[in-house]
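> the amino acid sequence is not available; the structure is as follows:
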């Protein structure tokens, strides 16, 4: 199974500052089609997860451009520029390359 | 608007069975793969099972293989999860999620399953 490992944030993050969340996969998520099958989700308190980023760096429909994804085949970063109150929650990375689909353990973002 | 509404959860004793449903609306259900994903209280997300649009391809997490069965009825726009031989570690909020391009692009609000004597 592909293991997804997420880093922690130095919480709380001051409002207006940027925050970067890291994620590592135990295997390259680069598909033969050239796309990297790494997704990011945000779960706000009391809500269902929502898709933020797919193919490592493509924002989902309606997602603010303050969110950006980057990385290589195994090391990934989600950057949130100018953190706002609505960004509070737990962020999950997830691989879609193979079954079983696996998630990182989550990274909590708190606002100062 | 895409909507996924789960139902069928509740309190069940260890070893018993329970069947979850997910009613889909706002999209052509028969065109999309579907998934069950769960979240134990205070824990992260765990993928449980996937089914393709025509039920031709089905996959399970090892933790539920042989005990859970995913199925769908495209005429009723409904996804199911039949859970048998339930264990305390199956206690979780169960989400129904649509498969996007290579994502889980829409999620329901979840249904709680509690396995306890």
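Perfect, thanks for sending it. Predicted model, so just to flag it, every value in this text is computed and none were measured.

> OK, contacts around the nearest residue to residue B:98 once chain neighbours are set aside?
When the adjacent residues along the chain are set aside, residue B:98 lies closest to residue B:106, with 4.4 Å between them (CB to CB, 6 or more residues apart in numbering or on different chains). C-betas here are computed from N, CA, C, even on glycine. Applying CB atoms under 8 Å, 6 or more residues apart in numbering or on different chains, one finds that residue B:106 lies in contact with B:2, B:4, B:97, B:98, B:100.

> and chain B, which of its residues are near chain A?
Within chain B, the positions adjacent to chain A are B:35, B:44-47, B:50, B:59, B:61-62, B:95, B:100-105, B:107-110 by CB under 8 Å from any CB of the partner chain.

> buried residues, stretch B:75-87. List them.
By neighbour count, and taking 16 or more other CB atoms under 10 Å in any protein chain shown as the criterion, the buried residues in stretch B:75-87 are B:77, B:78, B:79, B:80, B:81, B:83, B:86.

> show me what contacts residue 43?
Because you didn't say which chain, this covers chain A. A:49, A:50, A:89, A:90, A:91, A:92, A:106, B:45.

> you looked at the wrong chain, it should be chain B
With contact set as CB under 8 Å, 6+ apart, residue B:43 has these partners: residue B:92.

> what's the pLDDT at it?
Residue-level confidence at residue B:43 comes out at 98, pLDDT.

> the helix or strand hosting the residue nearest to residue B:98 pairs with which strands, and in what direction?
Of the helices and strands defined by DSSP states H and E, residue B:106 is found in strand B:104-107. Applying DSSP bridges to the sheet, strand B:104-107 is found paired with strand B:92-99 (antiparallel).

> contact partners of the partner strand?
The contact list for strand B:92-99, computed with CB under 8 Å, 6+ apart, reads A:48-49, B:2, B:4, B:6, B:9, B:20, B:22, B:24, B:27, B:32-41, B:43, B:46, B:48, B:50, B:79, B:81, B:104-113.

> show me what from chain A comes close to chain B.
A:35, A:37, A:39, A:41, A:43, A:48-51, A:54-55, A:60, A:90, A:92, A:94, A:96, A:99-106.

> same question for stretch B:59-77, mean pLDDT?
98.

> tell me which residues of it come out buried.
Residues of stretch B:59-77 classed as buried: B:59, B:60, B:61, B:64, B:68, B:69, B:70, B:72, B:74, B:77 (neighbour count, 16+ other CB under 10 Å).
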